[in-house]
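> model the following, please.
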Amino acid sequence: MSKSQLLPATPLLEIGSFYLKREDLNPSGSVKDRAVVAQMAWAKENGYKEAAASSSGNFGVSLGFWAKHFDLKVIVFVSPQANPNKIKRLKELPLRLKISKKPISDCFRYCQETGALNLRQSKDPRAIIGLASLGGEIASQVQKEGIEPESVFFPVSSGATLLGVAQGLIEKGLKLAPFAVQPASHPVLGKIWDQDFKAEEEKLADALVAKVIPQKAAILRLIKKYQGGGVVVQNQAILKWSAWLKKRGISTSSEGALTLAGVEKAKKLNLIGSQEKVICMLTGKKY
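All right, here's what the predicted structure looks like:
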């Protein structure tokens, strides 16, 4: 079965000035499927029997969802501070779950000791290839529908999704301005462009936790080259846009609402035009 059959195209839904890319409708419920299918296919083809990863939730869920299909043993390391509903879902899947205060380093050590393949997306070129295929899919939808968006907004943690999707768009000739959106509770990358925010402790967008961004230089070069940027969003704005989505029958994660809030702020800061058509990545379902 081909990757396109495993991952049918998700809708690009037009509502007002937004084109909402519904990655929450992927089989496991998030954009992580795009990378995981490519990563697991490579692992299987190269003789691996076991794979491991650190995760804030969605990546681990995707790994567990696809483990049986690719006949791979999977172990997932998560922080005890991860979303409890995601931890509950992980416990239902065919994987080994390790609750760890240092999930990244513990996963790295485990892979060194056992020979398991470390599927850390921010450092795996296969993940970027899988995400680039999503960029190609978006480009095909844009061309088929005859629409003309000018920018694409991403909720950003490690930035792998932004990097991969943007590369896929470029390969298909669709040069949109990429924007990184982060919450005021974790503005590691967004604060490079946007200092108009107040730091917050409460984390509504709990999937965005990466403190280290391995591909930071590549991400910054890409954003600069294609005249994008970044914004930082307050929790109040996330709640506002969550309600907006819910009113329209869309139950998505806080990261999706954060992305819409990012567009609103980018317009306020005159980073994009007030009437600009924008693609917003809705990267995961609500837990």
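
> what's the burial count for the closest residue in space to Asn118 that isn't next to it in sequence?
Nearest residue to Asn118, sequence neighbours excluded (C-beta to C-beta, 6 or more residues apart in numbering): Cys111, at 4.2 Å. Placement of C-beta: from N, CA and C, glycine included. Neighbour count for Cys111, taken as other C-beta atoms under 10 Å: 19.

> where does Cys111 sit, in terms of helix or strand?
helix 103-114 (DSSP states H and E).

> mind checking the pLDDT average for that helix?
Helix 103-114 carries an average pLDDT of 96.

> try stretch 14-22
95.

> quick one: terminal-to-terminal distance for that stretch?
Terminal residues of stretch 14-22 lie 11 Å apart, using C-alpha to C-alpha, to the nearest Å.

> buried residues in it, which are they?
For stretch 14-22, burial by neighbour count (16 or more other C-beta atoms under 10 Å) applies to Phe18, Tyr19, Leu20, Lys21, Arg22.

> pick out whichever of these sits closest to Val233.
Using C-beta to C-beta, Phe18 comes nearest to Val233 of these, at 15.4 Å.

> could you report the neighbour count for the closest residue to that closest one other than its chain neighbours?
Leaving aside its sequence neighbours, Phe18 sits nearest to Cys280 (C-beta to C-beta, 6+ apart; 5.4 Å). Neighbour count for Cys280, taken as other C-beta under 10 Å: 29.

> just Lys267 next, same as before
17.

> spit out the contact partners of it.
Gly273, Ser274, Glu276 (C-beta atoms under 8 Å, 6 or more residues apart in numbering).

> ok, of the residues you listed, which one's closest to Gly47?
Glu276 (48.0 Å).

> any stretches of the chain with poor pLDDT?
Applying pLDDT under 70 to the chain flags residues 1-4.

> what's the closest of the buried residues of stretch 14-22 to Val156?
Lys21 (14.9 Å).

> one step back: let's have the buried residues of stretch 14-22 in CSV, adding distance to Glu255 and secondary structure.
Formatted as CSV, those follow (distance: C-beta to C-beta, whole Å; DSSP: H, G, I helix; E, B strand; the rest coil):
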residue, distance to Glu255, secondary structure
Phe18, 15, strand
Tyr19, 17, strand
Leu20, 13, strand
Lys21, 12, strand
Arg22, 13, strand
